[in-house]
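Q: got a sequence here, can you build the structure:
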Amino acid sequence: MAVHVKNAGPGVGATNGAGSVASVAGRHTGLLLTGVLLGLLGVGASLAQPWAIGELIQAAGEDAPMTGPIAQLVGLFCAGALFSSLQAYAIGRAGENIVFDVRQLLVGRLLRADLTAFGKESQGDIFTRAVTDTSLVKIALSQSLAQLIVSGATVIGGIVLMFLIDLWLMVITMCCLGAASIISIALARKLRKVALQNRDDTGAFASDIQRVLSALPTVKASRAESREAARIGTLADRTRRSGIRVNGYNALLVPSMNVGTQGALAVVVGVGMSWVARDEMDMASLTTFIMYLFQLVSPLVMFFMGVGQFVQGRAAIHRVDELARLPQEGNGTAGAAGPAPLEALVPHRPAVEFHDVRFSYRRGKQAEKTQVLDGVSFSVPARGLTAVVGPSGAGKTTAFQLIERFYPVDGGRILLGGQDIESLPLDTVRGLVGYVQQDSAAMRGTIRENLTYANPHAGEDAIREAVEMAGLTSVIARLPHGLDTELGDQGSGLSGGQRQRLCIARTLLQQPAIMLLDEATSNLDSDSERDFRDVLRRVSRRCAVIAIAHRISTVIDADKILVMEAGGVRATGVHHDLMERDELYRRLAGSQLHASPAS
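A: The predicted model follows:
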């Protein structure tokens, strides 16, 4: 079967341009600056309002015409409202754009993540970071950041104008506000620490929920509902307690500022009125000063609320950036200076060759190693059925994962069509190699969507052929909507054996040069298994089929059988030959074949 490979596009293993939240936000600087500028124009209109009110009071006191001051004041009110609305829209739009780009960045990084690094992360925590934390990033980098700038400008502008009205009243005001600000800053620092802890606690809670729900039948069968509820309840309580601390510091942040502004207002009114009574200050100036002080209250409160939001957002940004830095898959080194692209697997060259391959899994954050393959060597012809048998833990599935280049080898070489698999583009490798997983990973969606997942442009004739070869024709004919029947999560709606055949049909539709079947017949009944043996024989005439045999009866007539044990290949041959000379194979085959009539 000559399989031609399209030119690989941008490598899925590229690690450059990983990006970060800051770099993503930088793309929307223009819209953010526009929002900030509109906010500052609104600040100008707001700061002019107390001055206009002072002018109105002065005109009333002097019995002068009031039409001009009133019109001026109304214009300032309208301008402030308009700029405020435009600012809210611009900042809101920038925030949505930022969170969209951050989520796209994360999804791309997660889908292309190195499986070793990905496997060390908690899946529930990954989900929390990708969904909840990115929402907090939006608030931090758009709403709260703009709020800090606009509110800060309002406060600074108001303070400057109040200094110009009366120096000593402003000194009194600053003393009250300064004390409150020092307390608020200390609270904000505490808030950041507990906010980060709360995000971690939330991630741990989500991770445990995901762990239990993904194995719910096992939980029920083990009568572990109460134990799991207690365990998850403990994590939920930890999240609740850290959340209460976050709310506590948040609750203290704004009132501490309010006390300062209210104290300043009381002192200013008292002192100012005494100065007015002694003709040391006119009423219009005092009224304008008090109006500015009133106007400072809301921006100061909003400023420190923005500080609280930004502090919590920084914790989320840190977590999202950590996720975005997950190591990515390598894409190989084939190119202008490397070997020529692999165009086809030709019959006279082996499809797959292992040469002294060694591999260890790295588990946990400390990267402890577990040796799985130790000096494995074998070859698989470009046509025919090659079976891999052996006890659990022999390294059979790991060998398949190395052929798919899910993991890099620790030593030795794997050749695909005579070329080192590490030198080939990843898209080329996975275009040539079809893989049916042990757990038959069907997905939510229609049967047609599942079938065409690896080949979205497949025609009806190709789909019909793949369905027929996998023995699914009668199954689909009985379904209410045929190929357009909807499946639930993990392919619910089909039996285990039907899901396996669906995944086999999906791989057939990919038209691979090499097909890997990882115990793909484990859920088939006797009749289905017999039919599938015919399928294997037909497919193996077109390409190399490598099957991990759950049942030796399925591959009893394989062209080649590899017997694996303890991370190595102990024997190769055909069935009758191995039955005579290999004790392990004889034991495995004998126990299964003798038991098969009763099954």
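Q: and the chain, what are its domains?
A: 21-324, 352-598 (automatic domain parsing).
Q: skip the chain neighbours and tell me the closest residue to the most centrally placed residue in the chain.
A: Central residue of the chain (Cα atoms, centre = their mean): residue 130, 4.1 Å from the mean position. Excluding the flanking residues, the one nearest residue 130 by Cβ to Cβ, 6 or more residues apart in numbering is residue 106, at 5.2 Å. (C-beta placed from N, C-alpha, C; glycine too.)
Q: one more: residue 310?
A: In space, residue 310 is closest to residue 144, 4.3 Å off (Cβ to Cβ, 6+ apart).
Q: burial count for that neighbour?
A: Residue 144 has 26 neighbours, counted by other Cβ atoms under 10 Å.
Q: from here on, call the first residue 45.
A: Renumbered: residue one is now 45, and that last one reads residue 188.
Q: show me the contacts for it.
A: Residue 188 makes contacts with 350, 351, 353, 354, 357, as judged by Cβ atoms under 8 Å, 6 or more residues apart in numbering.
Q: in CSV: those, plus pLDDT.
A: Shown next, in CSV, are these (pLDDT from 0 to 100):
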residue, pLDDT
350, 74
351, 73
353, 72
354, 77
357, 75
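Q: which of those ranks first by neighbour count?
A: residue 357 leads the contacts of residue 188 on contacts (other Cβ under 10 Å) with 26 neighbours.
Q: off-centre distance for stretch 493-505?
A: Stretch 493-505 sits 26 Å away from the centroid of its parent chain (Cα atoms, centre = their mean, to the nearest Å).
Q: please identify the buried residues of that stretch?
A: Using 16 or more other Cβ atoms under 10 Å as the test for burial, stretch 493-505 gives 493, 494, 495, 496, 497, 498, 499, 502.
Q: ok, now stretch 108-126?
A: 113, 116, 117, 120, 123, 124.
Q: what lies in contact with that stretch?
A: 85-86, 89-90, 92-93, 96-97, 99-100, 102-104.
Q: recalculate using a threshold of 7 Å.
A: 86, 89, 90, 92, 93, 96, 97, 99, 100, 103, 104 (Cβ atoms under 7 Å, 6 or more residues apart in numbering).
Q: so the fifth one sits in a strand?
A: No: under DSSP: H, G, I helix; E, B strand; the rest coil, residue 93 sits outside any strand and is assigned helix.
Q: nearest spatial neighbour of it, skipping sequence neighbours?
A: residue 120 (5.1 Å).
Q: any idea how far that neighbour lies from residue 446?
A: 72 Å (Cβ to Cβ, to the nearest Å).
Q: same question for residue 185.
A: For residue 185, the distance to residue 446 - Cβ to Cβ - is 41 Å.
Q: and for residue 606?
A: Residue 606 is 14 Å from residue 446, by Cβ to Cβ.
Q: and the two? Which one has more around it.
A: residue 606 (28 against 23).
Q: give the full set of residues in contact with the more buried one.
A: 422, 430, 432, 613, 616.
Q: what about the helices in the stretch 445-594 of the chain?
A: Taking DSSP state H, counting those that start in this stretch, the helices of the stretch 445-594 of the chain run over residues 470-476, 491-495, 504-513, 517-522, 540-553, 570-584.
Q: ok but the residue nearest to the centre of the chain is inside a strand, no?
A: No: counting by three-state DSSP, residue 174 is not part of a strand but helix.
Q: pLDDT score for it?
A: On pLDDT, residue 174 comes in at 82.
Q: ok, the buried residues of stretch 493-505 vs residue 139, which is closest?
A: residue 493 (32.9 Å; Cβ to Cβ).
Q: next up, phi/psi of residue 158, please.
A: phi -60, psi 130 (degrees, to the nearest 10).
Q: leaving out chain neighbours, which residue sits closest to it?
A: Nearest non-adjacent residue to residue 158 (Cβ to Cβ, 6+ apart): residue 371, at 4.3 Å.
Q: what is the burial count for that neighbour?
A: Residue 371: 16 neighbours (other Cβ under 10 Å).
Q: gap between it and residue 164?
A: Residue 371 is 10 Å from residue 164, by Cβ to Cβ.
Q: swap in residue 603?
A: 39 Å.
Q: and for residue 176?
A: Distance from residue 176 to residue 164, by Cβ to Cβ: 21 Å.
Q: what's the answer for residue 599, then?
A: Taking Cβ to Cβ, one finds residue 599 at 35 Å from residue 164.
Q: have a look at the two and say which one is more surrounded.
A: Higher neighbour count among residue 599 and residue 164: residue 599, with 25 against 15, using other Cβ under 10 Å.
Q: tell me the contacts of that one?
A: Shown in contact with residue 599 (Cβ under 7 Å, 6+ apart): 429, 431, 591, 593, 605.
Q: any chance of those residues in a markdown table, with neighbour count too?
A: Shown next, in a markdown table, are the contacts of residue 599 (neighbours: other Cβ atoms under 10 Å):
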| residue | neighbour count |
| --- | --- |
| 429 | 25 |
| 431 | 24 |
| 591 | 26 |
| 593 | 25 |
| 605 | 25 |
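Q: restricted to strands, list those residues.
A: Residues from the contacts of residue 599 lying in strands, with DSSP state E as the criterion: 429, 431, 591, 605.
Q: closest one to residue 470 out of those, please.
A: For those, the nearest to residue 470 is residue 591 (23.8 Å; Cβ to Cβ).
Q: and the pLDDT at the closest one?
A: pLDDT recorded at residue 591 is 88.
Q: and the residue lying closest to residue 542 once chain neighbours are set aside, how far from residue 104?
A: In space, and not counting its chain neighbours, residue 542 is closest to residue 519: 5.5 Å by Cβ to Cβ, 6+ apart. Computed as Cβ to Cβ, the residue 519 to residue 104 distance reads 88 Å.
Q: residue 624 and residue 615, how far apart?
A: For residue 624 relative to residue 615 (Cβ to Cβ), the value is 11 Å.
Q: who has more neighbours, the two?
A: For residue 624 and residue 615, the more surrounded residue by other Cβ under 10 Å is residue 615, and the numbers stand at 18 against 10.
Q: which strands and helices sit next to the helix or strand harbouring residue 280?
A: For residue 280, the host element (DSSP states H and E) is helix 269-321. On a contact count with 3 or more Cβ pairs under 7 Å, 6 or more residues apart in numbering; DSSP states H and E, helix 269-321 meets helix 211-257, helix 327-368.
Q: tell me which of the ones you listed is the most buried.
A: helix 327-368 (a mean of 20; mean count of other Cβ atoms under 10 Å).
Q: give the other helices and strands that whichever helix or strand comes after that helix contacts.
A: Going down the chain from helix 327-368, the next helix or strand is strand 396-407, by DSSP H and E. With contacts defined as 3+ Cβ pairs under 7 Å, 6+ apart, the secondary structure elements packing on strand 396-407 are strand 412-424, helix 440-447, strand 455-460.
Q: for residue 532, find the nearest of the ones you listed.
A: helix 440-447 (26.1 Å).
Q: most tightly packed of the helices and strands packed on strand 396-407?
A: It is helix 440-447: most buried of those by mean count of other Cβ under 10 Å, with a mean of 21.
Q: what comes into contact with stretch 169-180?
A: Contacts for stretch 169-180 (Cβ under 7 Å, 6+ apart): 143, 146-147, 150, 154, 243, 246-248, 250-251, 254, 356-357, 360, 363-364, 367.
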